[in-house]
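In: just a sequence and a predicted model for now, questions to come.
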Amino acid sequence: MLNRLFVIVGFLVILAIGGAFVIPRFITWSDYRPRLEAMATQAFGAPVEITGDISLTLLPQPVLVFTKVRVGPEAAPALEVGKVEAEFSLFDFLSDRYKVTRLELEQPVVNVAIGADGQVDSGFTLAPEAEQTNVSIANAEIVGGRIQLSDARSNETYVADAISGIVSPA
């Protein structure tokens, strides 16, 4: 009798793990676009829009991938990213805390403006550390980045291309 119980419990565990691999492929993740955009808007202090595809793989490690991300207004975005791939800690992810263990930003373009008065405007303000949020990022890898600096004092635009590297907190 006890052996049958172990077999049934084992079968249910295997079924649950198998389902965690397969079921996410059938979910329409773009339905969660507003929630993702709201979380990112809170973190950046500027409107965020995800216009591309969204996908999530739950096991063996949660990986969220979305494409065509824009931070700031459509006419003058402060940041555009071709593809974002974020890998999360599984147990934190399941408890609604999003500890990003690996973040890769492909083809990000950062637009920075210097006004006629010399003030620098990046177009967004990162949330202060004191502000409570359920998202934390250990580090980020930049692949094929670009920075565009527009100086209104001289009407010049400076561009730094092919930026790649790792950004981590000090």
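Out: Received the coordinates, thanks. Numbers count the residues shown, from 1 in each chain.

In: now the helix with the most length in the chain, how far from the chain's geometric center?
Out: Longest helix in the chain, counting residues (DSSP state H): helix 2-22. Distance of helix 2-22 from the chain centroid (CA atoms, centre = their mean, to the nearest Å) equals 33 Å.

In: for stretch 114-126, same thing?
Out: Put simply, stretch 114-126 sits 24 Å off its chain's centre (CA atoms, centre = their mean).

In: now stretch 88-97
Out: Using CA atoms, centre = their mean, the offset of stretch 88-97 from its chain centre is 15 Å.

In: re earlier: give the rounded mean pLDDT of the helix or strand following the longest helix of the chain.
Out: Downstream of helix 2-22, the first helix or strand assigned by DSSP states H and E is helix 33-44. Averaged over helix 33-44, pLDDT sits at 83.

In: show me what helix 33-44 is packed against.
Out: Packed against helix 33-44 by the contact rule (3 or more CB pairs under 8 Å, 6 or more residues apart in numbering; DSSP states H and E) you find strand 48-50, strand 63-71. Just so you know, the C-beta spots here come from the backbone N, C-alpha and C atoms, and that holds for glycine as well.

In: do you know the pLDDT at Phe21?
Out: On the pLDDT scale, Phe21 is placed at 68.

In: Phe88 pairs with what?
Out: Note on Phe88: beta-bridge partners by DSSP bridges are Val100.
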